[in-house]
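Engineer: coordinates only, sequence not included:
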């Protein structure tokens, strides 16, 4: 063989050798890329994330009963256990399936992190850390029913009381007429200006005294219950104020007939006007609770009112308001703006004089009316764990009491057995074994539903309630981390990272897989607690045993991002699983200068 041919063969062999080597490297690289993809595909088959709503299991027909227990000195106590309580529904003892002790006060707030994952620290000379709002108090003035004199006194007392607000408090001023409202703020000047704009604003009633003067309570007795004594009292007043002739028996008979017609006409107007104003007041109460339920902290509603009558056909609406407040952790307290008052038989000197019997009859109905008007205030307070202040002119002391939530209160829950879906009222009674000198305050009852609750909707409501709260829950091991990246002076991005230890969840075994759905909700709130936005992710887990025990020991991390402007924000993280109905909730803050 020639030297030239030998050199060609050597070159060919050299090139062939490196072709094989390069091919092996390429194959190795391809396999290296394919292996993670295969693992990723395997994991994706076991864990998938999407943003569509999922169906959850939820406890339905659970009746919650807030209870405040006070000692002989009026102090709320918080050292009782579940076994200390007995709960009765229509006289029948119930099994208490849910029990918790709630304590007023702040919550632990997680710190923010910068974009590199380290804790953000403020340099000397920078602004003080964000004061996270912890308590939201809505002052609802019943300007539809309040008289000018009473409103002026409570307005002045409120002004003095608001001076005691703490840096972590936020106050709102609302009115039943809807014409004087201010959203939650810590700006004292705005609160002062809003208070000054309050004035009586009756919706349907005339401010002039009518003849005869038949209030809503008497009108309901006459029109709805055919109460003869109420009709007689209104008729006697009509005869006097209309100056009807009663000089002869025939004139008396005619006067009675005319007076009855006037009384029934006044009762019809009074019933229509009263219905309208009561329904408006209850609707505003419901809206106020809805607004409070969206605030991430301790929630109190102070109803400043002379009270208003709630006839039988609106009783269920009133109970539904109490139910909504309980589920939203809103404590309703009430202050009777009439202060210490008394009923004067025959009325004041400006009214026409009637005989003593008629005057006494009218005074009895006025006293009964005053009592039932105050009853709605008492029931709202008792049913939600609040305070009812009445029969006192010391309004400064009154606001001090109603604005302070009880230091401790208990929440008892039970599921009624064989509950009929008939809308019937169930009277509740709560007792404490060996109570001694303890006094109890608890809701009076509830109305049975008229249809089965939807478990999916109940679960969504449970998650929403947890999002708009500051209570921290730890049923599921979850770590909350927040990061931020400032793209420019005008734009920033906040990242919320939730690391979940899924090994502690209650999985259900289906076809050899560990099955559970995890809902992870991240919410963003402004510095005053106003809701900005939220993001919800559904994590569907169908895990093999080896994945659950081996590959997920470090947990699963879910990231949510929000595009925001630089500023101060509160973060709320809620995690709930479908199978075990466990929930965790945590708080965080982010300050982007």
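Structural biologist: Yep, it's here. This is a predicted model, so every value here is computed, not measured. Residues are numbered from 1 along each chain as shown.

Engineer: burial of residue 508, as a residue count?
Structural biologist: 12 (other CB atoms under 10 Å). C-beta here means a position set from N, CA and C on the backbone, and glycine is covered the same way.

Engineer: Could you shift the numbering so residue one becomes 40, and keep it that way?
Structural biologist: Sounds good: first residue 40 from here, last item residue 547.

Engineer: And the pLDDT for residue 139?
Structural biologist: Residue 139 carries a pLDDT value of 86.

Engineer: Quick check: nearest residue in space to it, chain neighbours excluded?
Structural biologist: residue 450 (4.9 Å; CB to CB, 6 or more residues apart in numbering).

Engineer: Need the contact partners of stretch 188-203.
Structural biologist: 178, 180, 182, 185, 210, 227, 230-231, 234-235, 237-239, 343, 345, 374, 376-378, 434-435, 437-439, 442 (CB atoms under 8 Å, 6 or more residues apart in numbering).

Engineer: ok, the helix or strand that contains the residue nearest to residue 139: who's next to it in the sheet?
Structural biologist: Taking DSSP states H and E as the definition, one finds residue 450 inside strand 447-453. Note on strand 447-453: by DSSP bridges, its sheet partners are strand 102-109 (antiparallel), strand 137-142 (antiparallel).

Engineer: Would you format those as JSON lines with distance to residue 573 included?
Structural biologist: Formatted as JSON lines, those follow (distance: least, CB to CB, whole Å):
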{"stretch": "strand 102-109", "distance to residue 573": "25"}
{"stretch": "strand 137-142", "distance to residue 573": "25"}
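
Engineer: any idea which of those is most buried?
Structural biologist: Among these, strand 102-109 has the highest mean neighbour count (mean count of other CB atoms under 10 Å), at a mean of 21.

Engineer: after that strand comes which helix or strand?
Structural biologist: strand 124-128.

Engineer: got the angle for that following strand vs strand 447-453?
Structural biologist: Computed by axes from the mean of the first three to the mean of the last three CA atoms, to 10 degrees, the angle separating strand 124-128 from strand 447-453 equals 50 degrees.

Engineer: Run the chain-centre distance for strand 124-128.
Structural biologist: Centre-to-centre, strand 124-128 and its host chain are 25 Å apart (CA atoms, centre = their mean, to the nearest Å).

Engineer: Over to stretch 192-201?
Structural biologist: The answer for stretch 192-201 is 25 Å, by CA atoms, centre = their mean.

Engineer: Now it: buried residues?
Structural biologist: Within stretch 192-201, the residues scored as buried using 16 or more other CB atoms under 10 Å are 193, 194, 196, 197, 200, 201.

Engineer: In helices, which of those residues fall?
Structural biologist: 193, 194, 196, 197, 200, 201 (DSSP state H).

Engineer: out of the strands paired with strand 447-453, which comes closest to residue 329?
Structural biologist: Closest approach to residue 329 among these is made by strand 102-109 (17.7 Å; CB to CB).

Engineer: Could you pull up the mean pLDDT of that closest one?
Structural biologist: Here the average pLDDT along strand 102-109 is 89.

Engineer: Could you do stretch 174-191 as well?
Structural biologist: So the average pLDDT for stretch 174-191 ends up being 95.

Engineer: Just the endpoints, please. Distance across that stretch?
Structural biologist: For stretch 174-191, the first-to-last residue distance is 26 Å (CA to CA, to the nearest Å).

Engineer: Centre of the chain to that stretch, how far?
Structural biologist: Worked out by CA atoms, centre = their mean, stretch 174-191 lies 20 Å from the chain centre.

Engineer: ditto for stretch 266-279
Structural biologist: Using CA atoms, centre = their mean, the offset of stretch 266-279 from its chain centre is 44 Å.

Engineer: who touches it?
Structural biologist: 250-253, 257, 260-261, 283, 285, 294-295, 297-299, 301-303, 305-306, 391-394, 397, 400-401, 404.

Engineer: hmm, try it at 6 Å
Structural biologist: With contacts defined as CB atoms under 6 Å, 6 or more residues apart in numbering, stretch 266-279 is touched by 251, 253, 257, 260-261, 294, 298-299, 301-302, 391, 393, 397, 400-401, 404.

Engineer: still on that earlier bit, sitting in helices, which of the contacts of stretch 188-203 do you find?
Structural biologist: Per DSSP H, the subset of the contacts of stretch 188-203 in helices is 227, 230, 231, 234, 235, 434, 435, 437, 438, 439, 442.

Engineer: Could you report the neighbour count for the closest residue to residue 367 other than its chain neighbours?
Structural biologist: Once flanking residues are discounted, residue 367 sits nearest to residue 332: 3.6 Å by CB to CB, 6+ apart. The number of residues packed near residue 332 is 18, by other CB under 10 Å.

Engineer: Over to residue 449?
Structural biologist: 27.

Engineer: Residue 444 reaches residue 371, doesn't it?
Structural biologist: No. Taking CB atoms under 6 Å as the definition, residue 444 is not a contact partner of residue 371, at 10.8 Å.

Engineer: Of those two, which one has the most company?
Structural biologist: The neighbour comparison of residue 444 against residue 371 (other CB under 10 Å) goes to residue 371, with 31 against 23.

Engineer: list the contacts for the more buried one?
Structural biologist: Residue 371 touches 340, 364, 419, 420, 423, 425, counting by CB under 6 Å, 6+ apart.

Engineer: Bridge partners for it, pull those for me.
Structural biologist: Each beta-bridge partner of residue 371 is listed here: residue 340, as defined by DSSP bridges.

Engineer: Would you mind measuring from it to residue 502?
Structural biologist: 24 Å (CB to CB, to the nearest Å).

Engineer: swap in residue 487?
Structural biologist: On the measure of CB to CB, residue 487 and residue 502 end up 25 Å apart.

Engineer: repeat for residue 350
Structural biologist: 37 Å.

Engineer: before we move on, what about residue 286?
Structural biologist: From residue 286 to residue 502 the distance is 75 Å (CB to CB).

Engineer: In terms of neighbours, single out the busier of these two.
Structural biologist: residue 502 (18 against 8).

Engineer: and that one, what helix or strand is that in?
Structural biologist: Residue-wise, residue 502 maps onto helix 494-506 under DSSP H and E.

Engineer: pLDDT below threshold where in the stretch 340-489 of the chain?
Structural biologist: Scanning the stretch 340-489 of the chain for pLDDT under 70 picks out 382-396.
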